[in-house]
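# need a structure here:
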Amino acid sequence: MNVTWTLPDGETRAAAIEPGISLMEAAVANDIPGVIGECGGCLSCATCHVYVDDAWIDKTGTPEEFEDAMLDVAAAERRATSRLSCQIEARPELDGLVLHVPEA
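Got it, this is the predicted structure:
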């Protein structure tokens, strides 16, 4: 499946990724600036905060309770489309997904 990250300056980076991994892991593996994943996906740092493109928000779902609380302490502004990319698993129905990396 393919995912595109839009960086704060408008540059886009796309990568083919395998289903089953988190989008944080995919971003780190593809050297996406601004997606750090400091905690390794343990849902304890919010350094993988992204904005899901409006066209994809229904397919990625909404944050669960603990992710929702972590988004409140993210370094970048929280928006309605904010998610922690460690909590979004790559799956075939997300092929073509677009994520926006916040300016931090």
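
# So for residue 16, what's the nearest residue that isn't a sequence neighbour?
Distances taken as CB to CB, 6 or more residues apart in numbering place residue 2 nearest to residue 16, at 5.5 Å, with adjacent residues excluded. C-beta: built from backbone N, CA, C; applies to glycine.

# Run a quick neighbour tally on the one you found.
As a burial measure, residue 2 scores 13 neighbours (other CB atoms under 10 Å).

# where exactly do the helices run in this structure?
Listed in chain order, the helices of the chain (DSSP state H) span 23-29, 57-60, 65-71.

# mind saving the C-alpha coords of the shortest one as PDB?
Going back to what we said before, that points to helix 57-60. Presented in PDB, the C-alpha positions along helix 57-60 are these (Å, rounded to 0.1, in the frame of the first residue of the first chain):
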ATOM      1  CA  ILE A  57     -10.600  10.800   8.300                       C
ATOM      2  CA  ASP A  58     -13.600   8.400   8.100                       C
ATOM      3  CA  LYS A  59     -11.300   5.500   7.100                       C
ATOM      4  CA  THR A  60      -8.700   6.000   9.800                       C
END
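
# gap between that helix and the chain center?
12 Å (CA atoms, centre = their mean, to the nearest Å).

# Okay, buried residues for it please.
Buried positions in helix 57-60, judged by neighbour count with 16 or more other CB atoms under 10 Å: residue 60.

# could you give the mean pLDDT of it?
What helix 57-60 shows for mean pLDDT is 96.

# residues in contact with that helix?
Here helix 57-60 makes contact (CB atoms under 8 Å, 6 or more residues apart in numbering) with 52, 80-81, 83, 88, 93-94, 97.

# 10 Å - rerun?
With contact meaning CB atoms under 10 Å, 6 or more residues apart in numbering, helix 57-60 is reached by 23, 50-53, 80-81, 83, 85, 87-89, 91, 93-94, 96-97, 99.

# among the residues you listed, which ones are buried?
Neighbour-count burial (16+ other CB under 10 Å) is assigned, among the contacts of helix 57-60, to 23, 50-53, 81, 83, 85, 87-88, 94, 97, 99.
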